[in-house]
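A structural model of the following input is requested.
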Amino acid sequence: MIWKCLIVDPDPNALKMVQKYTALVEQLEVVACCEDAFQAMAHMQTAKIDLLFLDIHLPNLPGTSFIKTLQHPPKVIFITSCPEFAVEAFELGAIDYLLKPLSLERFLKAVNKVVSSINGSSDALTLPLIRRSLYFRSERKMVKIFLDEIIYAESVKDYIKIYRDHHAPLIVKQSLTSLEASLPQHLFIRIHRSYLVSINKVTAFTNNDIEIDNVEIPIGRQFLGQLKRLTLKK
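Residues are numbered from 1 along each chain as shown. Next up is the predicted model:
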């Protein structure tokens with residue numbers, strides 16, 4: 001499904017940022033960018049809009065007041081620099097309320113809420129979003145690894161071994177701590193001085209080890225507190 005989107009914001013820099021982020025999601029199609037509610041109304045009279053990215057402070061008519069004028073409003077994600085209108089926005093049925101400056105991670109999380117509201121599911125990343133990747137130097141070349149391929153990483157002396165789906169382990173001269181710092185915290189978890197794992201790949205765990213399919217990885221005592229993140233994720 002292609003979601004027809006309208007971006008309504010008087011700030012040209014904010015417009016460009018939201019346009020940039022929507023371009024990364026194949027299912028989002030920006031129909032138009034508007035500076036005020038009246039421009040938005042004109043576009044909504046000629047095209048079906050599925051999703052509004054809407055600022056609060058618009059010329060002439062605030063974003064919240066604009067929503068109240070619509071008999072059948074589309075899904076709305078507010079993107080604004082004003083935290084004080086969040087309660088009113090959610091009372092109007094907003095899917096999410098994002099504060100500027102907007103990060104890509106927070107933007108994608110909001111888009112996933114839209115999908116979940118339609119599918120009646122709390123599963124994240126229902127849309128096939130852009131695959132994030134990193135480059136690692138190995139054997140005199142830079143190797144691209146998609147983050148969703150990483151199963152776990154193991155520290156071996158001055159090197160780390162990155163285990164991946166459908167690939168041989170990649171050996172990189174790097175510390176596990178530096179790798180951890182480069183990975184999204186909501187997707188990866190450090191469970192041992194020598195191991196870091198992908199949260200989504202974990203199939204079972206105890207207080208002593210984590211299982212990823214047939215692989216058992218020990219949990220360091222000082223990392224036991226991290227297990228809460230697994231239960232929250234699952």
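
what sits against Phe66?
By CB atoms under 8 Å, 6 or more residues apart in numbering, the contact list for Phe66 reads Val8, Ala37, Ala40, Met41, Leu54, Leu58. In this view, the C-beta of every residue, glycine as well, is placed from N, C-alpha and C.

Go through those residues and say which is closest to Ala181.
Set against Ala181, the nearest of these by CB to CB is Leu54 (34.8 Å).

which two in the contacts of Phe66 are spaced the farthest apart?
Met41 and Leu54 (12.3 Å).

how many neighbours does the closest residue to Phe223 other than its chain neighbours have?
Leaving out its chain neighbours, the residue that sits closest to Phe223 by CB to CB, 6 or more residues apart in numbering is Ile191, at 5.0 Å. The tally of other residues near Ile191 (other CB atoms under 10 Å) stands at 24.

Ile191: which element?
strand 188-192 (DSSP states H and E).

Quick one: mean pLDDT over that strand.
In this model, strand 188-192 has a mean pLDDT of 93.

So Leu227 is in contact with Phe205, correct?
Yes: counting by CB atoms under 8 Å, Leu227 touches Phe205, with 6.7 Å between them.

Who has more neighbours out of those two?
A direct count of neighbours by other CB under 10 Å for Leu227 and Phe205 places Phe205 higher, at 19 against 16.

my guess is that one meets Pro218, correct?
No: when contacts are counted by CB under 8 Å, Phe205 is not listed as touching Pro218 (11.0 Å).

got the domain boundaries for the chain?
3-119, 133-233 (automatic domain parsing).

and the next element down the chain from the longest helix seen in the chain?
Looking only at the chain and at elements set by DSSP state H, the helix with the highest residue count is helix 104-119. Reading on from helix 104-119 to the C-terminus, the next helix or strand found by DSSP H and E is strand 133-138.

pLDDT (mean, whole number) over that next one?
Mean per-residue pLDDT for strand 133-138: 88.

which helices and strands does it pack with?
strand 141-146, strand 167-172 (3 or more CB pairs under 8 Å, 6 or more residues apart in numbering; DSSP states H and E).
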